[in-house]
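**Q** No sequence on hand, only this structure:
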């Protein structure tokens, strides 16, 4: 595993620190008036979700971990476990549904997701950046309201609440960002 200096840590890096795997969420470089410069790093534990704020000086060595990424197809959910299939070897993998958190409703049958592995252990699931959903409930379209920069609430076919522009009606397909859970465009 490559070791990097404390001032080389970037957001998104995965580090081995205090016997655990941590992802750098935020990094800010601080140069106080007295003393040496350091990097203030907000870390998130990839196994249990704990957060930690740590200071790393440039002379500190940290072990950077490389994760293997595999595209796998979602098959079904069984007792809180998501079953994915590797498209090359056809092996099936069971992962806990809480790995996705609040993005779980966007996972659709047959969808290909990217799963990050550390050795044989699955640490995270990344959904496609945008998915198509159907609006099942929203307020009716009112003529003349389209010019205003206003949004109205809508409920999607997967139960997620989003805000949509006034011209979007019930039964329409829209594209939603899976990370921000916001309306993107009409499908």
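**A** Yes, it's here. Worth saying up front: this structure is predicted, and the values here are computed from it rather than measured.
**Q** now the residue of the chain most remote from its centre: how far from residue 41?
**A** Distance from the centre of the chain peaks at residue 34, with 38.4 Å (Cα atoms, centre = their mean). Taking Cβ to Cβ, to the nearest Å as the measure, residue 34 falls 21 Å from residue 41. For glycine as for every other residue, the C-beta is placed from the backbone atoms N, C-alpha and C.
**Q** how about low-confidence regions in this structure?
**A** For the chain, applying pLDDT under 70 flags the ranges 1, 141-148.
**Q** Domain-wise, how is it divided?
**A** As recorded under automatic domain parsing, the domains making up the chain are 3-65, 68-126, 130-186.
**Q** Off-centre distance for the longest one?
**A** Taking Cα atoms, centre = their mean, to the nearest Å, the mean C-alpha location of domain 3-65 is offset from the chain mean by 20 Å.
**Q** what does the shortest one give?
**A** Between the centre of domain 130-186 and the centre of its host chain there is 21 Å, according to Cα atoms, centre = their mean.
**Q** residues contacting residue 161?
**A** 153-155 (Cβ atoms under 8 Å, 6 or more residues apart in numbering).
**Q** For it, give me phi and psi.
**A** phi -90, psi 130 (degrees, to the nearest 10).
**Q** Beta-bridge partners for it, please?
**A** residue 155 (DSSP bridges).
**Q** Just want to check the distance between it and residue 22.
**A** 32 Å.
**Q** picking up where we left off before, tell me the secondary structure for the residue farthest from the centre of the chain?
**A** Using DSSP: H, G, I helix; E, B strand; the rest coil, the structure places residue 34 in coil.
**Q** Roughly how far does it sit from residue 63?
**A** In this view, residue 34 and residue 63 are 30 Å apart by Cβ to Cβ.
**Q** same deal with residue 53?
**A** Noted for residue 53: a distance of 19 Å to residue 63, by Cβ to Cβ.
**Q** The protein: helices as residue ranges?
**A** Counting by DSSP state H, one finds no helices in the chain.
**Q** residue contacts, the nearest residue to residue 29 once chain neighbours are set aside?
**A** Among residues not flanking residue 29 along the chain, residue 39 sits closest, at 5.4 Å (Cβ to Cβ, 6 or more residues apart in numbering). Contact analysis of residue 39 by Cβ under 8 Å, 6+ apart lists 6-7, 9, 27-30, 55-58.
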